[in-house]
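A.B. asks: take this sequence and fold it.
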Amino acid sequence: MSRKFLMQSALAALLGTGAIVAAATPASAYVACNRRGDCWHVRERHHYRPAWGITVHPDNWRWRDARGHHYRWREHAGRGYWRSGVWITF
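C.D. replies: Now for the predicted structure:
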């Protein structure tokens, strides 16, 4: 085997390992919910305006702990929030 082939193989293995590690990193850090019970994951703790009625919880928060409330998951990519069933981007 040539030295060039071995170097290319080693580089490919290194890049592949890096991709696996990056994919294994948790994608979210918080759970945000509006007052209507729509919840979604957010990567950053955004500062939502109080009028929007958004509450941000730690990622390990579970709605089963919030008695008397009804929640539903509504994921969406990007920055924003759910209002009346519509994703509002900011």
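A.B. asks: would you map the helices across the protein?
C.D. replies: Ranges of helices within the chain are 3-24, based on DSSP state H.
A.B. asks: which stretches of the chain aren't confidently modelled?
C.D. replies: In the prediction, the chain carries residues with pLDDT under 70 at positions 1, 5-7, 9-28, 64-69.
A.B. asks: what about the strands in it?
C.D. replies: For the chain, the strands defined by DSSP state E cover 30-33, 38-42, 55-58, 72-73, 80-83, 86-89.
A.B. asks: quick one: which of those strands is nearest residue 3?
C.D. replies: Nearest to residue 3, of all the strands of the chain, is strand 38-42, at 46.2 Å by CB to CB. Using the backbone N, CA and C atoms, a C-beta is placed for each residue, glycine as well.
A.B. asks: burial count for residue 74?
C.D. replies: 15 (other CB atoms under 10 Å).
A.B. asks: separation between it and residue 90?
C.D. replies: 16 Å (CB to CB, to the nearest Å).
A.B. asks: could you do residue 45 as well?
C.D. replies: Following CB to CB, the distance that separates residue 45 from residue 90 is 15 Å.
A.B. asks: also residue 61?
C.D. replies: Applying CB to CB, one obtains 22 Å for the distance of residue 61 from residue 90.
A.B. asks: so for the two, which residue has more residues nearby?
C.D. replies: Counting neighbours by other CB under 10 Å for residue 61 and for residue 90 shows that residue 61 has the greater number, 15 against 10.
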